[in-house]
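Student: Give me the fold of what follows.
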Amino acid sequence: MDQRPDSYGPEVASAFEEASVVQAYRYRPSYPDEVFDWLDGLIVDQPRHVLDVGCGTGFLARSLVERVDRLDALDRSEAMIEEGRGLPGGQHPRLRWLIGDAEHAALQPPYALIVVGDCLHWFEWSVVMPRFASLLTLRGFLASLTVGHLPPPWQDVLRQLISRFSTNKSYREINIYAL
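Tutor: Reported below is the predicted structural model:
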């Protein structure tokens with residue numbers, strides 16, 4: 001049940017290794033401060049470990065790490081990880097940078113929260129959704145965030161996957177809008 005557009009395949013994803021793309025990442029819109037309070041409130045289990053999948057340069061990871069016991073920031077782009085390490089907060093002692101893909105990378109669960117910021121469309125859903133479910137604590141959450149985008153055309157398929165693999169049968173979608 002992987003109905004992503006072909007434009008989100010590995011060939012296109014390889015652009016995130018290019019130096020110009022990595023350097024331009026700092027100009028992406030940031031997440032509003034309220035998002036980090038909201039994410040912190042989702043962490044109700046111990047250990048307070050978070051996995052940021054597709055972290056890029058660590059927009060989420062570097063801002064959230066002060067609130068948790070450990071934050072694993074995973075991205076397949078070594079160039080993005082290296083850039084993130086050099087940015088403010090990138091050397092935090094509780095922040096572990098991991099290079100690998102969401103589908104197969106060696107991880108250290110359990111996680112009370114998994115965050116994916118503007119990148120869920122890149123993953124092989126039929127692999128990552130059951131994997132995410134197996135990595136979460138009993139009351140853990142998967143939070144998929146986007147900034148300034150309308151819902152993608154494949155949103156209904158993604159909702160079906162979330163519904164199928166979520167241990168939270170009262171799943172609800174929450175939208176936070178910053179003006």
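Student: And stretch 22-34, end to end?
Tutor: 26 Å (C-alpha to C-alpha, to the nearest Å).
Student: for this structure, which spans come out with low pLDDT?
Tutor: Applying pLDDT under 70 to the chain flags the ranges 1-13, 148-152, 167-179.
Student: list the helices and strands the host helix or strand of L51 packs on?
Tutor: Applying DSSP states H and E as the criterion places L51 in strand 49-53. Counting contacts by 3 or more C-beta pairs under 8 Å, 6 or more residues apart in numbering; DSSP states H and E, strand 49-53 is packed against helix 59-64, strand 70-75, strand 111-117, helix 125-135. All C-beta spots, glycine's among them, are computed from the backbone N, C-alpha and C.
Student: Which secondary structure elements does the first one sit against?
Tutor: Taking 3+ C-beta pairs under 8 Å, 6+ apart as contact, the helices and strands that helix 59-64 lies on are helix 33-42, strand 49-53, strand 70-75, strand 111-117.
Student: Spatially, and excluding backbone neighbours, which residue is closest to Q46.
Tutor: Leaving out its chain neighbours, the residue that sits closest to Q46 by C-beta to C-beta, 6 or more residues apart in numbering is A112, at 7.2 Å.
Student: So that neighbour is in contact with V50, correct?
Tutor: Yes - if you go by C-beta atoms under 8 Å, A112 and V50 touch, sitting 6.8 Å apart.
Student: which outside residues touch stretch 55-62?
Tutor: Contacts of stretch 55-62 with the rest of the structure, by C-beta atoms under 8 Å, 6 or more residues apart in numbering, involve 16, 22, 25-26, 28, 30-31, 39, 50, 52, 71, 73-75, 77, 80-81, 83-84, 87-90, 92, 95, 97, 115, 117, 119, 145.
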